[in-house]
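**Student:** This is a predicted model, with the sequence first.
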Amino acid sequence: MAKPRVHEVAKELGLTSKEVLAHLEKIGEPAKSHSSTIEESLAERVKTELSGNGAATKKGAKAKSKPKTTGKAAPKAKAPVKPAAETPAKARPSDTPSPAKPAASPKPEGASKPPPSAVEPAAVEPVERGAPGEPAAAPAAGGAIKVHRGITVQEFAEKVDRSPAEIVKTLLGLGEMVTVTQSMSDDAVLLVAEELGVEVEVVDPAEEESLSEAIAEEAEDEGSLVPRPPVVTVMGHVDHGKTSILDAIRRTDVAAGEAGGITQHIGAYQVHVSDRAVTFIDTPGHEAFTAMRARGAQVTDIAVLVVAADDGVMPQTVEAIDHAKAAAVPIVVAVNKVDKPEADPTRVRQQLSDYDLLPEEWGGDTIYVDVSAKQRQNLDGLLEMILLTADVQLDLKANPDANARGVVIEAHLDRGRGPVATILVKRGTLHKGDALVAGSAWGRVRAMQDERGNDIEEAEPGQPVLVLGWQSLPAAGDDFRALDDEKEARSIASEREQHRRAAELVAQRKVVSLVTFMREAREGEVPTLNLILKADTQGSVEALEDQLQKMDQSLVKIEVIRRGAGGITENDVTLAQASGAVIIGFNVVPNSQARGLAETEGVDIRTYRVIYQAVQEIEAAAKGLLGPELREAPLGQAEVRATFRVPKLGVIAGCMVLDGVVRRNSKARLVRDGTVVYETTIASLRRFKDDAREVAAGYECGIGLDGFQDIKEGDLIQAFEIQEVAR
């Protein structure tokens, strides 16, 4: 059982955390902060000692603080040793401006409390209020205090129950000057937490502690649960027939609308089998969409792995297996294209057995179904196996009466309808008119449509719907929840947006000092390619950025300064012009104003329809930023046979060219006994009395080296040149 925290005990008693902390210090068991954990036995002791003063102190404090003149009764209060009665009254005045006066009033209170405190613990103990409180705190137990990225000093001080002045002083001691309202970097947060002895975890702005607590409370609610449809993700390698199987099931033609026959967006669809609904999520199979496919696996209940019988296991097949296993979901293997003459389903089973997907017929626990999407063969069997897996291995139930909660599958800007998002309801029922918040986006459900474009009034658990009415575009993968009040949704979204901006400012802030400047100068500056990514959907932006992160950035640093869904606008061009960035558009084009501005300002805009072409060109552009590589190209070498001293010229070496060619003004190094003695240029080159431009192998010549006179017989003069070679 998780240990209770100080603030949980205080909440149960109806007291403040400071009062409980003061009491713990009084009894010799001090705790560091309101989030500190205490032993179960100590918690019970605190509850017993303070239970008589919790609600009573809150409600009757004013009434009992009337007899201020009874300060003479103070000696009486010392007789009964009742620290439990004294502590709340003493601790509370510490929050007030004048602690001197209340210091006298608690003592008569303490004297007057023994009878109630003696009776109330007996009434409180059987209730065992700590027990139900513990499961709600379980997710946080053993974990750290969560603070959002870009938190200000004042907010951080409230989180860790310290004064802002103490945090500023600690930061100053660590060499960082900040104001109370300034955002802290992740490193600063962790360093201060370590100094204060507090365990914290820096999370993204969207991860709100209040939201996680609400979800935990909802998870505890065992209300009226009803069965919900299984959410099935179709995964596999490109061109193995994932979308074709869905097309065959839904009797639609989604693949015809995809560029190059490749699915480049996530689609969510619901079909009905024998009066039972099944939700399908179709994920792209190309390797660039690893992030999208991973997200699909995270929201799913069952993964259907599609493998072509004529092709076998491919790289993205293995990736799909890894994502499904990471999501800890059952896997059903659909062996597609069994109608082809070269199909070999047995070979597919053999290959997948190496990845712990042993078929049931071979003694394993993985269901294999041989299908043909083209011939519509055995699709009923596949659906049967999906429902069987859901019934046997999963207990899929949800409370349809709770506030809706789920995941944003995809989002994009639609001309005429504004921001729209495909969402998957995981719990509760979403109604038309509900207020929604997802990340830093909020809205009110103006309209809902199913996958066929039909307007619907409500969406039940397990149902994907297209929602209109967002005020801004939510990010794909964000959790959403429905709220009772539109004002609350707007407030939460606004706060998250502020946190997000603060996090961006902290990420962009760079501490410059002479030490770091000199170190970077010594190590060599890495050129940076700034990019602005725009695409038709959030998922495509995420996939493109994920692929760029896989590129080798040891020589060139790729910086994405803006990303978003929708067309390329003048704002994008202005930002690109100010930061020297290249704009990459995927399935979007610039409007006429943006195009004109880009031509005027010389901003490079590149648009693509297939993602790997964009990645290849970006990689080429990144390598081009490095400039040509300088390489040494050997020309030839000559052996010194004799030396001559010439007035005004110094020492001249009489040489025999052994190989290659020796050129005047070329680079040269003098090698003696295998060691390079000096590196310079050939200042003069002569054949007898005539100046020569170059001397080939087998000929004698006189060579004068620029700035070097210590030439000896037997030395080698190696001529070379520096060439620029494209990387």
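**Tutor:** Perfect, thanks for sending it.

**Student:** Low-confidence regions, this structure specifically.
**Tutor:** Residues of the chain meeting the criterion pLDDT under 70: 1-2, 33-35, 52-143, 204-223, 252-266, 283-298, 503-527, 552-556, 621-629, 726-727.

**Student:** so where's the longest strand in it?
**Tutor:** For the chain, the strand reaching the highest residue count under DSSP state E is reported as strand 629-646.

**Student:** list the buried ones in stretch 355-375?
**Tutor:** For stretch 355-375, burial by neighbour count (16 or more other Cβ atoms under 10 Å) applies to 355, 357, 358, 359, 366, 367, 368, 369, 370, 371, 372, 373. All C-beta atoms are positioned from the backbone trio N, CA, C, and that covers glycine.

**Student:** what about the residue nearest to the fifth one when sequence neighbours are not counted, which SS state?
**Tutor:** In space, residue 366 comes closest to residue 357 once its chain neighbours are excluded; the distance is 4.5 Å by Cβ to Cβ, 6 or more residues apart in numbering. Here residue 357 takes the coil state, with states given by DSSP: H, G, I helix; E, B strand; the rest coil.

**Student:** for residue 357, what are its contacts?
**Tutor:** For residue 357, the residues meeting the contact criterion (Cβ atoms under 8 Å, 6 or more residues apart in numbering) are 305, 321, 331, 333, 364, 366.

**Student:** isn't the third one right up against residue 366?
**Tutor:** Yes. Shown here, residue 331 and residue 366 form a contact pair, counting by Cβ atoms under 8 Å, at 6.2 Å.

**Student:** burial of the closest residue to residue 371 other than its chain neighbours, as a residue count?
**Tutor:** Counting by Cβ to Cβ, 6+ apart, residue 371 lies nearest to residue 378, which is 4.7 Å off, once chain neighbours are set aside. Neighbours of residue 378 under the rule other Cβ atoms under 10 Å: 17.

**Student:** Likewise for residue 442?
**Tutor:** A count of neighbours around residue 442, defined by other Cβ under 10 Å, yields 26.

**Student:** do residue 50 as well
**Tutor:** By the criterion of other Cβ under 10 Å, residue 50 has 27 neighbours.

**Student:** which phi and psi does it have?
**Tutor:** With angles defined as degrees, to the nearest 10, residue 50 shows backbone torsions of phi -100, psi -10.

**Student:** Hmm, it is touching residue 15, no?
**Tutor:** Yes. Proximity of residue 50 to residue 15 meets the contact threshold set by Cβ under 8 Å, at 6.6 Å.

**Student:** Check which helices and strands the top helix by length along the chain sits against.
**Tutor:** Among all segments of the chain classified by DSSP state H, the helix with the greatest residue count is helix 486-508. With contacts defined as 3 or more Cβ pairs under 8 Å, 6 or more residues apart in numbering; DSSP states H and E, the packing partners of helix 486-508 are strand 435-438, strand 441-449.

**Student:** How far off centre is the shortest one?
**Tutor:** It stands for strand 435-438. How far strand 435-438 lies from its chain's middle: 21 Å, per Cα atoms, centre = their mean, to the nearest Å.

**Student:** got it, and the longest one?
**Tutor:** Here the centre of strand 441-449 is set off from its chain's centre by 26 Å, with Cα atoms, centre = their mean.

**Student:** repeat for stretch 312-324
**Tutor:** Worked out by Cα atoms, centre = their mean, stretch 312-324 lies 23 Å from the chain centre.

**Student:** All good on my end, thank you.
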